[in-house]
Structures are given as C-alpha cells and as structure tokens.
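>>> Sequence first, predicted model second:
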Amino acid sequence: MNGPAVHDRPSASASWRIALPHSAAAVPVARALVRTALAELEHRADLDTAELLTAELVANAVEHTSGDGPIELVLVLLPTGCQVEVHDPDPAPPGDLTRPPDLPPDPWQEHGRGLLLIRSLSSACGHRPAGSGKAVWFTLPAVPPQWRPGGELLPDGPR
C-alpha cells in the first residue's frame, strides 16, 4: 500500500493501489480497505456510499471478466473528495455506465442495478483504457462537516 501513514491527513492528495484476487473474496476486502482509508484519514467523503460503490465495481470486475489474474483497486483522496478505480484485464467497456439503459432493471432480478447505483450516487463515473484492460471509476465529493445539537462540530464527519 502506498500513501501516507494512516494517521497523516492528506494535504493535497493521497493514493493507494492494491491488487485483489479475481474472486468473490475481493469484494469484502475492497469494502474494508476503502472504509478504513477514508475513516482513518478522517476524509469527508461519504463512507457508506464509497463502500457500496466500490463493492459494485469490484463485483462487476470479478463477474464480468475472465481469467484468474488479479484486479486492482485504486483509491485517490483529494481535498475535493475521492476517486475509486477498479482495473481489470478486459478492455471491453462496462455496460451502460455513462448513460441510462433503455429499460429500467427488472425488480425481480438479482442483477442489473450496480451500474445504476454508480451512475446515481456518484458525482461522476466512467471508464478508460488502462494497460492491458480498462479502469472503471467513480468520484464522490467531500461532505461538509456535520454539526451536533448544541453547536459542536463532529470531528469525523458523517459515518
């Protein structure tokens, strides 16, 4: 893992690049890594949304790409928010990430909502060629500090 120690605050930016197994085991690991990085650095991005959307990106990479080579999680913290990327070996673009599908997802199906969640909950998302595959990414804005009743500022923002 590169970037500052977990107790340092990012001044301009901090980033991590982590190889994950090409298996379902990568999803909870990625969620935990993103949650820990954002919480420990007291970053003001919404932890729950970052964790959910990261899980969707990693699950899509595992499910929709072949091979047993690792996928890569990249987390970049900026003063304006955070960006999460998942790199996989398949150069084909992900379904309808940047435009809504022609039909809404079937409410009775287990699949088909991940890209909708990413489009709906992120401030921006997309994909780009990367090395021997692609990177699929989303950004989340920084969340303003929250106030407690009585005028106290919560030190860690929303959780």
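Received, thanks.

>>> Please name every helix or strand in contact with the helix or strand of the chain with the lowest mean pLDDT.
In the chain, no helix or strand scores lower on mean pLDDT, DSSP states H and E than helix 114-121, which sits at a mean of 85. Counting contacts by 3 or more C-beta pairs under 8 Å, 6 or more residues apart in numbering; DSSP states H and E, helix 114-121 is packed against helix 47-64. Where you see a C-beta, it was placed from the backbone N, CA and C, and this is true even at glycine.

>>> quick one: average pLDDT of the next helix or strand after the helix it packs on?
Per DSSP states H and E, the first helix or strand lying C-terminal to helix 47-64 is strand 71-78. Per-residue pLDDT over strand 71-78 has a mean of 93.

>>> For strand 71-78, which strands pair with it and how are they oriented?
Using DSSP bridges, strand 71-78 pairs in its sheet with strand 14-20 (antiparallel), strand 81-88 (antiparallel).

>>> Of the ones you listed, which stretch is the most buried?
Counting by mean count of other C-beta atoms under 10 Å, strand 81-88 has the highest mean neighbour count of these, with a mean of 24.

>>> Would you mind writing the CA trace of it as PDB?
This file holds the C-alpha atoms of strand 81-88, laid out as PDB (Å, rounded to 0.1, in the frame of the first residue of the first chain):
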ATOM      1  CA  GLY A  81     -13.400  14.300  -2.500                       C
ATOM      2  CA  CYS A  82     -12.300  10.800  -3.500                       C
ATOM      3  CA  GLN A  83     -12.000   8.700  -6.600                       C
ATOM      4  CA  VAL A  84     -12.100   4.900  -6.700                       C
ATOM      5  CA  GLU A  85     -10.900   2.900  -9.700                       C
ATOM      6  CA  VAL A  86     -11.000  -0.800 -10.400                       C
ATOM      7  CA  HIS A  87      -8.700  -2.100 -13.100                       C
ATOM      8  CA  ASP A  88      -9.500  -5.400 -14.800                       C
END
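
>>> If anything else comes up later, I'll come back, but that's it for now.
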